[in-house]
Structures are given as C-alpha cells and as structure tokens.
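Participant: need coordinates for the below:
(4 chains)
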Number of protein chains: 2
Amino acid sequence: MKQKNIIIFVKKIFMTISEENYLKVIYHLSNLSPKGVNTNAIAGMLDTKASSVTDMLKKLSDKELVDYQKYQGVFLTEKGKLHAKMIVRNHRLWEVFLVEKLGFAWDEVHEVAEELEHVRSEKLINQLDKFLNFPSFDPHGDPIPNAKGEIPTIAKQLLSEIEAGESITCVGVKDTSVDFLKYLNKQQISLGTKIKILEKESFDGTIKIEINSNVIVISDKIANNLYVK
Amino acid sequence: MKQKNIIIFVKKIFMTISEENYLKVIYHLSNLSPKGVNTNAIAGMLDTKASSVTDMLKKLSDKELVDYQKYQGVFLTEKGKLHAKMIVRNHRLWEVFLVEKLGFAWDEVHEVAEELEHVRSEKLINQLDKFLNFPSFDPHGDPIPNAKGEIPTIAKQLLSEIEAGESITCVGVKDTSVDFLKYLNKQQISLGTKIKILEKESFDGTIKIEINSNVIVISDKIANNLYVK
DNA sequence: TTAAATTTTTAGACAAAACTAAAAAATAAA
DNA sequence: TTTATTTTTTAGTTTTGTCTAAAAATTTAA
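Facilitator: Residues are numbered from 1 along each chain as shown, chains lettered A, B, ... in the order given. Predicted coordinates for the structure are as follows:
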C-alpha cells in the first residue's frame, strides 16, 4: 500500500498525562490488533478498569484523537497516531540518555522514562535528540521516531535468525523480564556485546557462540529473545 | 547557635506535583518572611486563590510537612524543608543540564525545569549531578543543594569591595535595620537585582552604579552593608 | 476603642479520573 | 436457536485540587 504525503496541521492540544498514557497504549496495541483495540486490553495494560477506559475513550474521541464507536473497538486517528509517536519518541530518547549518559542499566530505564516522556517541550526533545547524535534505536533495540514522526525501518534481527559463521552485535531484547536480563548479565551479554555464531544445532535449536573469547552454548529460547544487528 | 547533627529518617512519602509546588513556594517565601509565610503570598506565587491555599496547607500539615495554625501563617517542618530542598536541587540541576548540555539560553530554562523537577527518581538526579560534575551553582548563580540537602555558601562580597566596571548581583544585606531596607526599597534594590559599578570616588567612597538602566550614586555606608556576588 | 479594611477560613460546588455495581451488547457454547 | 459467558457500557460515587461566595478573624485607621 502506498503512503500518501499528508501534511497535518496539528493544533497544539493540551493533553493530560493520563490521556497521553492511553494514547500510547492504544498505539502499541494497534500494531498487534489492527482491527480495533478492545477495551479490556487497554485496561489490562494500564492496570485500570474497563469502565474507566470507556470514559477516557469518549474523551479522546471528542478531541478527535481516536475513532471510537461503542462495542466496536478503537482506532487512532492520524492526529492521535502522531501524538502517540511523539510520546514514544520522547520515551525512547530519554532511555538512550539514561543508558549512554547517566550510566543506567537497560533494565532500570523504563520506569524513569515513563515520567520523563511527559515533559512538554519540543525544544527540549529536539535538542536532546541532537545531543545524543540522532539515535535511530533505543537501548532495547526499538526504533525512535524522528521529529516528523517517521520511524526508521527495523534493522534488528533475532539471534536465532543469524547463520553460523557470522559476527553480530547485541542491540536489544524481546523478553524484558528481570529473570532474562539477569541471565544475560550472568553470561556477560549486554548492549553492544559482540557475538560470533560458531555452530547451530538444528536438532534442538541450541547455538554455540563466542563472547569475549569465551565459548558458551545458549538455548533456542535465549536466541529467540535477543535482538542483534 | 550551633547546629546539632540530626539524622532524619524520611519515610518516602508520595507527593503530588501540586503538593511539591506548594512546598517549594513556601520554602522560597520562608527566606524572606521568617516569621511565617502568609496565605495570600502563596496564592500570589502559585496563581491560585487563598481558599485553595488553605485547603492545601491542611493537607500538608496532616503529612507533617508544615507547621500550620490557622490565621497564623505557615512554617516548614524539618521534613518539609528537606523535601523542598530536594525539589530545588532537581530544578537547578536540570537548569544546568539544559544550558550546558542542550544549549538553552539562561532565560529559557525555567519553564522546562519546572516540569523536570517533579520526575521522581533519586538515582536519576544523583547520576545527573555526577554527569554535570557536581555543580554548586545554577545558571542564575543560585546555589544547588547537594544530595544531603546542604547548600553551598555563597561567595558573597561587600559592594564596596568590587572594582569599577564589574557587574554583580545583590545577594544579601549586612545591616538588617528597617531604615536600611526601606532605603534599598526606595532605590529599587532587592535580592537578585543586577548592579553595574560605573565609577568609584576614592575621596569620599561614594560609588556611581547602574540599576535597571538608572544611574544613581550611593554612599560608602550603603556599599559597606550590601552583599553582592 | 470602635469602625473599616484586609486577610483568612469555611461551606458548598465542580471537573478530571478513577472506582463499584448493575445493565446491555456481543460472542461462544449447548 | 436459545442459553451461557464474556465484554463493554451506563449510572452513580469518590478523591484531588480547584473555584465562588459568605463568614470569621486579624490588622489598620479613625
């Protein structure tokens, strides 16, 4: 499908933090369920009740940020999508800042970025972008929308997709659970770690890899949750 | 009076942004009116109504952040003072960041710092402090409290010690008599007023200065009782 | 010292964003 | 298709932080 060039004049709407959080969640869920995001899913993500979600959807609908018809699920409008992308942009840029400049570990950044993303200043975020050298991906390997809302095409692959003999760099994780991150830490795998694929066992999917001159064997479960580039 | 070493165990209280703003304003006003901050002054600073202030003072009093008795003005408790200082710390560190790292002008930073100061993360602010090399003063010359709440002493000098040609800021008074303060008021000199030394007369110690584009001459007596930086 | 002016507080209301409980619609199962 | 289950919405409260209008306390002035 060909994307039309659309110029959108976005009137600067005041949005509460709560409204922004709803938009962001709807944005993320839209990618998974393209035929309308349902109320319960939103409630689950925001740890709130379905009735609260219904109330908010009406509010967002009045502001023309979502297309909403009762019982039919909800879609973002172009305006809503752009706003959502700007919040995602803020979130991911702050994550880069926290990891690269303030020495946070990648599993510590989410909570703080959840707050920083709501600071309302275009100059702030664009200068931060520049300060960080216009990064395309955040510490988890997710793409950072630019100031226009354009999203860089994903360059990351799962480790399991790489052929034996190749050398790649770890750029993110799919599973962000503490257990997984602890495992990676134990194996001395972190962002930017260079990995060489030595051997792939087709029988059970285990992979023999080399990290910092150490050879280890990882399971297919690990290989399916590690993004590399 | 000698300050006792007191270890305060601060239970981490959840504070709303509104509560934090009230605390901060009371903290700033306390320095000017040490015999209790009055309701109207707070309302003026926060651009709200006196009745709203009364409501909030009760709330802050319940949380033991202020000492409040109706009609009697309000004081910060030790706990409240520490919280207020942490907000000021956040604000001023973010101002340094915005100016030094993101290229903001010194008069553009306040509004953004007003939002950033409320981001709740000790690690964030302490790492930012380190990243900025533990600055003692913000871009406006105001001192930045450290992680313990200690405030660097201002390297203040008497106005009489400054050489002709220099520009300084009024930071305090040596003579605190009502007459002197009234005189300063009449000459439009107050805390934070920028003063340029134009000419010093060695014969009688009078000094020609410029304040807000007005040129006036002050006596040696005045110059010996005004602290500047 | 009494009256006038100012400041502060109370009482009652409202909007935002959440909740509970019950009703309505949609979906799944018998 | 009819019933049962799940999902979603409505209706009515609650909490936070604000407001207006009126009452009470304090301060200033006559």
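
Participant: what residues are up against A:V119?
Facilitator: Neighbour list for A:V119: A:90, B:112, B:115-116, B:119 [criterion: CB atoms under 8 Å, 6 or more residues apart in numbering or on different chains]. All C-beta atoms are positioned from the backbone trio N, CA, C, and that covers glycine.

Participant: need those residues in JSON lines (columns: pLDDT).
Facilitator: Listed next are those as JSON lines, based on pLDDT from 0 to 100:
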{"residue": "A:N90", "pLDDT": "98"}
{"residue": "B:V112", "pLDDT": "96"}
{"residue": "B:E115", "pLDDT": "96"}
{"residue": "B:L116", "pLDDT": "97"}
{"residue": "B:V119", "pLDDT": "96"}
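
Participant: adding secondary structure and distance to DNA strand D, write these out as CSV.
Facilitator: As requested, these are exported to CSV (DSSP: H, G, I helix; E, B strand; the rest coil; distance: CB to the nearest atom of the strand, whole Å):
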residue, secondary structure, distance to DNA strand D
A:N90, helix, 24
B:V112, helix, 19
B:E115, helix, 15
B:L116, helix, 19
B:V119, coil, 16
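
Participant: quick one: buried ones out of these?
Facilitator: In these, burial by neighbour count holds for A:90, B:112, B:115-116, B:119, counting by 16 or more other CB atoms under 10 Å in any protein chain shown.

Participant: partner strands of the helix or strand containing A:V215, with direction?
Facilitator: Assigned by DSSP states H and E, A:V215 belongs to strand A:214-218. As defined by DSSP bridges, the strand partners of strand A:214-218 come to strand A:207-211 (antiparallel).

Participant: with just CA atoms, put the strand it pairs with into PDB.
Facilitator: Extracted in PDB, the C-alpha atoms of strand A:207-211 (Å, rounded to 0.1, in the frame of the first residue of the first chain):
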ATOM      1  CA  ILE A 207      23.600 -22.300  19.400                       C
ATOM      2  CA  LYS A 208      27.300 -22.300  20.200                       C
ATOM      3  CA  ILE A 209      28.600 -18.700  20.400                       C
ATOM      4  CA  GLU A 210      31.700 -16.800  21.300                       C
ATOM      5  CA  ILE A 211      31.600 -13.800  23.600                       C
END
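
Participant: centre of the chain versus it, how much separation?
Facilitator: Relative to the chain's own centre, strand A:207-211 is displaced by 27 Å; criterion: CA atoms, centre = their mean, to the nearest Å.

Participant: buried residues in that strand?
Facilitator: Quick answer for strand A:207-211 (16+ other CB under 10 Å): A:207, A:209, A:211.

Participant: stretch A:99-110 now?
Facilitator: Here stretch A:99-110 shows A:99, A:101-102, A:104, A:106-109 as buried, counting by 16+ other CB under 10 Å.

Participant: columns pLDDT on top of those residues, output as a markdown table?
Facilitator: Shown next, in a markdown table, are those (pLDDT from 0 to 100):
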| residue | pLDDT |
| --- | --- |
| A:V99 | 95 |
| A:K101 | 97 |
| A:L102 | 97 |
| A:F104 | 95 |
| A:W106 | 82 |
| A:D107 | 81 |
| A:E108 | 90 |
| A:V109 | 94 |
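
Participant: quick check: the farthest pair among those residues?
Facilitator: Maximum pairwise distance among the buried residues of stretch A:99-110 (CB to CB): 17.2 Å, between A:K101 and A:D107.

Participant: list the contacts of the strand or helix carrying A:K221.
Facilitator: Per DSSP H and E, A:K221 falls inside helix A:220-223. Outside helix A:220-223, the residues within contact range by CB under 8 Å, 6+ apart are A:158-160, A:183, A:204-207.

Participant: now do 6 Å
Facilitator: For helix A:220-223, contacts defined as CB atoms under 6 Å, 6 or more residues apart in numbering or on different chains pick out A:159-160, A:205, A:207.

Participant: out of those residues, flag the one nearest to chain B.
Facilitator: Each of these was scored against chain B by CB to the nearest CB, and A:L159 proved nearest at 30.0 Å.

Participant: report pLDDT for the closest one.
Facilitator: As predicted, A:L159 sits at a pLDDT of 84.

Participant: what about it, distance to A:L60?
Facilitator: Distance of A:L159 to A:L60, given as CB to CB, to the nearest Å: 39 Å.

Participant: now A:K186
Facilitator: Applying CB to CB, the value for A:K186 to A:L60 is 43 Å.

Participant: the more surrounded of these two?
Facilitator: Between A:K186 and A:L60, A:L60 has the larger neighbour count (other CB atoms under 10 Å in any protein chain shown), namely 23 against 8.

Participant: correct me if wrong: that one contacts A:V66.
Facilitator: Yes. Using CB atoms under 6 Å, A:L60 is in contact with A:V66, at 4.5 Å.

Participant: by pLDDT, give me the weakest of the buried residues of strand A:207-211.
Facilitator: Minimum pLDDT across these falls on A:I211, with 84.

Participant: quick check: the gap between that residue and DNA strand C.
Facilitator: 43 Å (CB to the nearest atom of the strand, to the nearest Å).

Participant: who's that residue bridged to?
Facilitator: Bridge pairing for A:I211 - DSSP bridges - gives A:I195, A:N214.

Participant: distance of the residue nearest the centre of chain A from A:I151?
Facilitator: Chain A has A:D142 as the residue nearest its centroid, 4.7 Å off, counting by CA atoms, centre = their mean. Going from A:D142 to A:I151 by CB to CB gives 10 Å.

Participant: near DNA strand D, which residues of chain A?
Facilitator: A:38-41, A:50-51, A:53-55, A:57-58, A:68, A:70-73 (CB under 7 Å from any atom of the strand).

Participant: element containing the residue in chain A sticking out farthest from the centre, please.
Facilitator: What lies farthest from the middle of chain A is A:F203; by CA atoms, centre = their mean that is 32.5 Å. Using DSSP H and E, A:F203 maps to neither a helix nor a strand.

Participant: and which of the buried ones among the contacts of A:V119 is nearest to DNA strand C?
Facilitator: Nearest to DNA strand C out of the buried ones among the contacts of A:V119 is B:E115 (CB to the nearest atom of the strand; 16.0 Å).
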